[in-house]
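> just need the structure, nothing else, for what follows:
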Amino acid sequence: MDEKVEAKKLLREWKKESYVFGLEILDEVGEMAKTFGDNALLVGSSSKWAQSHMQKISESLKKTGISFNTVLGARPNCPREDLYRITFQVARFKPDSIVAFGGGSTIDAAKAASFLAVFEPSEISKVLNVDWSVACSVDPFFGTGNVTKMKTATNKDIIPVIAVQAASSSAAHLTKYSNITDPVLGQKKLIVDDAITPKKALFDYGVTVGSPENLTLDGAMDGIAHCWEVFMGATGKDYFEKSKTVASLGIRLIVKNLRAALKDDIEARVALGLGTDLGGYSIMIGGTSGPHLGSFSLVDVLSHGRACAVLNPYYTVFFSSNIQEQLKILGAIFQEAGFIEKNLDLEGFEGRNLGEIVAKAMIDFNKSLGFPTTLKEAGATTSHIKRMLEAAKDPQLKMKLQNMPTPLDVDKGDIDKYMKSILKASYDGDLKKIKNK
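Reported below is the predicted structural model:
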């Protein structure tokens, strides 16, 4: 089966009628919003390349008789100030739905605003057992399942979100995750809850044509990270075969089509969008792990996609003994793309040796895109390593440690013993510094 046809089939089986994707489909947004009522809040991108698409969405809403107000979306990494600004407008206009057009940050902000504008601080304090002053913020919702707890306890519904994706990247339009950053601390945190998965989603892959090159590159690497981290963590899990199907196809589509997509070849843009969408499917099957966790502490020096791209090869070596099948599949993809010698028989390698071969191919791929391949090269400092190690000990981020194919236990000192060695290796590019568990 053709790879794009297979990807479309997988996405339709997963999302059914709740997701519309393809080309020239922005005019369907109005009908999707109409499902929830006649009053919407359009949260949108202010980027110049996106304005014609914003106009099409506005015309679609008008055509279906929906009244709406427009507010600016979120900046990269969704700073909490942007979230609060958008939440204020949601509370002010009381829309029947939120139409969010943008990349992951704007969609993540809309997801979080959809419940922050609904629950009262007194309710949050009581249900989530936090001080009233903390209940006035987004902080109580970091972690897993807290929005659902609030919905169940208060019998309140959150505001439906129609997520209109503008970038082949995080697949925020398809998932249960919302990343919010505290710019003062330089730390990103994560909300995980099925309740915040957008009720409707749309991705016109054509809107990515003409988008900035860095946005395309960063998004592609985020998609690969989603697929690869989940696939690595699927070892011994009942979803291994499903992850293998979804993740390997997603990575293959991205690696094969990225360069042509940068030249705005429309079919390559479609393939790239399908690949990153499968990254979204992957993180709804399983979870990301160490590289994503580390990226949360690098927001002041690296975009999310680049941070994951830098860290993933080093974690791949650490996990190597537990991901042999995954390594052979990824190795074959990079070998086909020219980053591993054609005459090298990957079946003849195993253990850490195989992990290092694949990791070096990942590093060479990053280098070919002009990406940094070490944290030091990216502008990070040893203080960032300390920040990453401390963040890994945060109970709200425990899920990332549990998702690893080689799990790390904070209480047993695994962070300082093993993760520190991975981060030191990623700082200066020396794979030999990585200690395997």
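> counting neighbours, what do you get for the residue nearest to Ala167 when sequence neighbours are not counted?
Once flanking residues are discounted, Ala167 sits nearest to Gly103: 4.0 Å by Cβ to Cβ, 6 or more residues apart in numbering. C-beta here means a position set from N, CA and C on the backbone, and glycine is covered the same way. Gly103 is flanked by 27 other residues according to other Cβ atoms under 10 Å.
> show me the chain divided up by domain.
3-207, 213-433 (automatic domain parsing).
> ranges for the strands of this protein?
19-22, 39-44, 67-72, 97-102, 143-144, 161-165, 177-182, 187-192, 200-204 (DSSP state E).
> would CSV of these with mean pLDDT, mean neighbour count and distance to Tyr314 be doable?
Shown next, in CSV, are those (pLDDT from 0 to 100; neighbours: other Cβ atoms under 10 Å; distance: least, Cβ to Cβ, whole Å):
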stretch, mean pLDDT, mean neighbour count, distance to Tyr314
strand 19-22, 98, 18, 34
strand 39-44, 98, 24, 36
strand 67-72, 97, 16, 37
strand 97-102, 98, 29, 31
strand 143-144, 92, 18, 26
strand 161-165, 98, 30, 30
strand 177-182, 95, 24, 22
strand 187-192, 92, 22, 20
strand 200-204, 98, 25, 32
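> let's have these in CSV, adding distance to Ile251.
Formatted as CSV, the strands of the chain follow (distance: least, Cβ to Cβ, whole Å):
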stretch, distance to Ile251
strand 19-22, 19
strand 39-44, 31
strand 67-72, 34
strand 97-102, 25
strand 143-144, 26
strand 161-165, 19
strand 177-182, 20
strand 187-192, 23
strand 200-204, 19
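> what's the closest of the ones you listed to Lys56?
strand 200-204 (8.8 Å; Cβ to Cβ).
> can you list the strands that that closest one pairs with?
strand 19-22 (parallel), strand 161-165 (parallel) (DSSP bridges).
> could I get those as JSON lines with distance to Ala234?
Compiled in JSON lines, the strands paired with strand 200-204 are given as follows (distance: least, Cβ to Cβ, whole Å):
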{"stretch": "strand 19-22", "distance to Ala234": "23"}
{"stretch": "strand 161-165", "distance to Ala234": "25"}
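> list the beta-bridge partners for the closest residue to Ile25 other than its chain neighbours.
Nearest non-adjacent residue to Ile25, counting by Cβ to Cβ, 6+ apart: Asp204, 4.9 Å away. Taking DSSP bridges as the rule, Asp204 bridges to Gly22.
> ok, Asp204 - contacts?
Counting by Cβ atoms under 8 Å, 6 or more residues apart in numbering, Asp204 touches 21-26, 53, 164.
> same question, Met284
So Met284 contacts 14, 174-176 (Cβ under 8 Å, 6+ apart).
> again, only using 6 Å
When contacts are counted by Cβ atoms under 6 Å, 6 or more residues apart in numbering, Met284 touches Thr175.
> please enumerate the helices of the stretch 251-400 of the chain.
266-285, 290-295, 304-319, 324-336, 351-368, 375-378, 382-392, 398-402 (DSSP state H, counting those that start in this stretch).
> by mean pLDDT, show me the worst of the ones you listed.
For the helices of the stretch 251-400 of the chain, mean pLDDT drops lowest on helix 398-402, to a mean of 84.
> list the contacts of that helix.
With contact meaning Cβ under 6 Å, 6+ apart, helix 398-402 is reached by 287, 289, 293, 408.
> give the contact list for the second one.
For Ser289, the set of contacting residues under the criterion of Cβ under 6 Å, 6+ apart consists of 229, 233, 400, 403-404.
> Produce a ChimeraX select command limited to the buried residues of these.
Buried residues within those, by 16 or more other Cβ atoms under 10 Å, are selected in ChimeraX with:
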select :229,233,400,403,404
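> nearest to Gln89, of the contacts of Ser289?
Lys400 (32.0 Å).
> quick one on the thing from earlier: go through the contacts of Ser289 and flag which are in helices.
Counting by DSSP state H, the part of those found in helices is 229, 233, 400.
> apart from its neighbours in sequence, what residue is nearest the most centrally placed residue in the chain?
By Cα atoms, centre = their mean, the chain has its centre lying nearest to Ser170, at 3.5 Å. Ranked by Cβ to Cβ, 6+ apart and with sequence neighbours excluded, the top spatial neighbour of Ser170 is Gly104, at 3.3 Å.
> any idea how far Asp345 is from that neighbour?
The gap separating Gly104 from Asp345 is 39 Å, by Cβ to Cβ, to the nearest Å.
> neighbour count winner among those two?
Taking neighbours as other Cβ under 10 Å, Gly104 and Asp345 compare with Gly104 leading, 29 against 7.
> quick one: residues contacting the more buried one.
Gly104 neighbours (Cβ under 6 Å, 6+ apart): 169-170, 172.
> which of those residues sits closest to Ala271?
Nearest to Ala271 among the contacts of Gly104, with distances taken as Cβ to Cβ, is Ser169, at 14.5 Å.
> make sure Cys302 is actually in contact with Gly379.
For residue 302 the amino acid is Leu, not Cys. No. Leu302 lies out of contact with Gly379 (Cβ atoms under 6 Å); the separation is 7.6 Å.
> so for those two, which sits in the more crowded spot?
For Leu302 versus Gly379, the count of surrounding residues by other Cβ under 10 Å is larger for Leu302: 24 against 12.
> distance of the more buried one from Ser211?
For Leu302, the distance to Ser211 - Cβ to Cβ - is 19 Å.
> same question for Phe339.
With distances taken as Cβ to Cβ, Phe339 is found 25 Å from Ser211.
> again, but for Lys256
As judged by Cβ to Cβ, Lys256 and Ser211 stand 19 Å apart.
> Ala220 now?
Distance of Ala220 to Ser211, given as Cβ to Cβ: 12 Å.
> which of those two has more neighbours?
Between Ala220 and Ser211, Ala220 has the larger neighbour count (other Cβ under 10 Å), namely 27 against 20.
> next up, the contacts around that one.
By Cβ under 6 Å, 6+ apart, Ala220 lies in contact with 254, 258.
> try it again at 7 Å.
With contact set as Cβ atoms under 7 Å, 6 or more residues apart in numbering, Ala220 has these partners: 168, 254, 258, 272, 276.
> try Gln335
By Cβ under 7 Å, 6+ apart, the contact set of Gln335 is 342, 346.
> that one and Phe115: what is the separation?
46 Å.
> state the pLDDT value of Asp394.
88.
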